[in-house]
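Build me a structure from this.
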Amino acid sequence: MLSPQAVVDHMMQNDLFSQWLGISVLDIKEGYSNIQMTVRKEMINGFGIVHGGIAFSLADSAFAFACNNRNNLSVALDTAINFIKPVHVGDVLTAEAKELHNGKSTGLYHITITNQNNHVMAMFKGTCYRTGKALVEGGESK
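Residues are numbered from 1 along each chain as shown. Next up is the predicted model:
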């Protein structure tokens with residue numbers, strides 16, 4: 001059986017968008033992930049603040065790593081985000097995904113994004129659908 005870290009390592013090898021974001025994986029446990037990135041200037045929008053899609057994408061990656069790390073291929077069924085404070089170039093964002101429900105066919109996750117000052121910048125909720133297929137071939141799913 002593959003460890004949660006091994007599954008996420010496999011995911012990161014193939015996740016070019018998370019690589020482009022500059023995501024570092026800080027911690028992985030079953031149903032949990034903690035990741036981090038530094039905001040770059042090419043991520044700003046026309047208002048001079050970071051595009052909301054960047055924070056959403058960071059949270060979405062944390063969500064994916066948390067809901068897939070048992071090697072049960074899971075896809076987003078529903079997501080929502082609340083932007084609480086503006087994000088600026090140079091901010092170091094951390095997204096922590098916590099599992100609220102781990103069902104046979106669905107999972108529910110809450111992701112909190114904080115900055116380097118531990119201020120909450122956004123809150124994300126994600127529901128996933130579990131396909132029952134292994135994400136990494138040859139590794140049994142839980």
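
Just confirm Leu26 contacts Thr94, I think it does.
Yes - if you go by CB atoms under 8 Å, Leu26 and Thr94 touch, sitting 7.3 Å apart. Yep, even glycine has a C-beta here, placed from its N, CA and C like the rest.

Of those two, give the one with the bigger neighbour count.
Thr94 (19 against 12; other CB atoms under 10 Å).

From Asn82, how far out is the residue nearest the centre of the chain?
With distances taken as CA atoms, centre = their mean, Ala62 lies nearest the centre of the chain, 1.3 Å away. According to CB to CB, to the nearest Å, Ala62 stands 15 Å off from Asn82.

Check Ala122 too.
From Ala122 to Asn82 the distance is 6 Å (CB to CB).

Counting neighbours, go ahead and name the busier of those two.
Ala122 (22 against 9).

Number of residues surrounding Tyr129?
Neighbours around Tyr129, by other CB under 10 Å: 16.
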